[in-house]
Each structure stands twice: as structure tokens, then as C-alpha cells.
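Engineer: sequence unknown, structure follows:
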């Protein structure tokens with residue numbers, strides 16, 4: 001099992017309806033390819049953790065890098081581990097939209113997503129870097 005974490009910034013023209021359409025297509029594709037993960041969107045910033053076969057992830061990441069709907073794609077980490085953090089989710093997703101909701105509410109929502117898959121109890125090397133960037137995006 002391999003994972004990668006990246007972040008990027010949506011172009012101004014990449015609007016929420018298009019993001020939801022992309023997400024729907026991504027869920028179908030990811031389920032077919034055995035790819036799981038989590039995508040966070042807030043104030044035009046994306047953060048994504050993807051898991052699956054190394055070859056499949058590399059092909060998908062190549063498409064992500066070349067996708068013109070976003071920019072400033074930054075690879076944060078690549079990792080290999082025994083089992084998926086999001087084994088039952090072809091794509092967990094939470095849209096924080098624009099603006100600043102209360103910090104407590106944001107953290108409760110993140111905790112709910114990750115507790116559902118018991119991610120916070122795992123000792124994967126990807127968990128800490130992902131949460132560092134979650135914090136950066138949500139509270140910057």
C-alpha cells in the first residue's frame with residue numbers, strides 16, 4: 001500500500017459545482033482502481049491524501065499535476081505502509097467553503113471524519129504531515 005499527500009490552489013474559474021462534478025468522477029475512478037483517500041477543500045485550497053497501488057497513484061498524480069483547474073501543486077509526502085487509512089472510502093471529502101467558521105467547529109468536523117475510519121488511532125507516517133497541512137489550510 002502506497003500513499004501520497006499533496007496540496008494545491010484552485011483557479012478562480014474552478015467553481016464549487018465543477019469541484020463536486022470532479023469529485024463524483026474521481027470517486028468512480030478511484031473505486032475501480034482500488035484507490036482510497038481524503039480530499040479537503042477550504043478557501044480555494046485543496047489537500048489530498050491518496051492511497052493505493054504505487055503505479056496507479058503515480059498515474060493519477062501525473063494527471064493531477066497536469067490538471068489546469070488548479071495550480072501550485074506541492075507534493076508533501078510519499079509513503080509505503082501495510083494498510084489503508086481510508087480503506088472504505090474511495091474519497092472522503094469535506095468542503096469548508098469560504099470564510100472562517102469557528103475553530104472549534106472545524107476541529108469537530110475533522111475529528112468526525114477521521115474517527116469514522118479510526119485514522120487518528122493509526123501509527124502511519126502520513127497522519128501527522130496530513131494534519132499539519134489540514135491545520136495550515138483551515139486556520140491560516
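Structural biologist: Arrived safely, thanks for sending. From a predicted model like this one, the values you see are computed outputs, not experimental measurements.

Engineer: and the strands in this protein?
Structural biologist: 2-10, 36-42, 45-52, 70-80, 92-95 (DSSP state E).

Engineer: strand partners (parallel or antiparallel) of the first one?
Structural biologist: Pointing back at strand 2-10 there. When sheet partners are counted by DSSP bridges, strand 2-10 sits next to strand 45-52 (antiparallel), strand 70-80 (antiparallel).

Engineer: out of these, nearest to residue 38?
Structural biologist: Among the strands paired with strand 2-10, strand 45-52 comes nearest to residue 38, with 5.0 Å by CB to CB. Bear in mind the C-beta positions are built from the backbone N, C-alpha and C, glycine included.

Engineer: got the angle for the closest one vs strand 36-42?
Structural biologist: Angle, strand 45-52 to strand 36-42, by axes from the mean of the first three to the mean of the last three CA atoms, to 10 degrees: 180 degrees.

Engineer: residues contacting strand 45-52, please?
Structural biologist: Contact with strand 45-52 is made by 1-10, 30, 33-40, 57, 60-61, 64, 70, 84-86, 126, 130, 133-134, 137, as judged by CB atoms under 8 Å, 6 or more residues apart in numbering.
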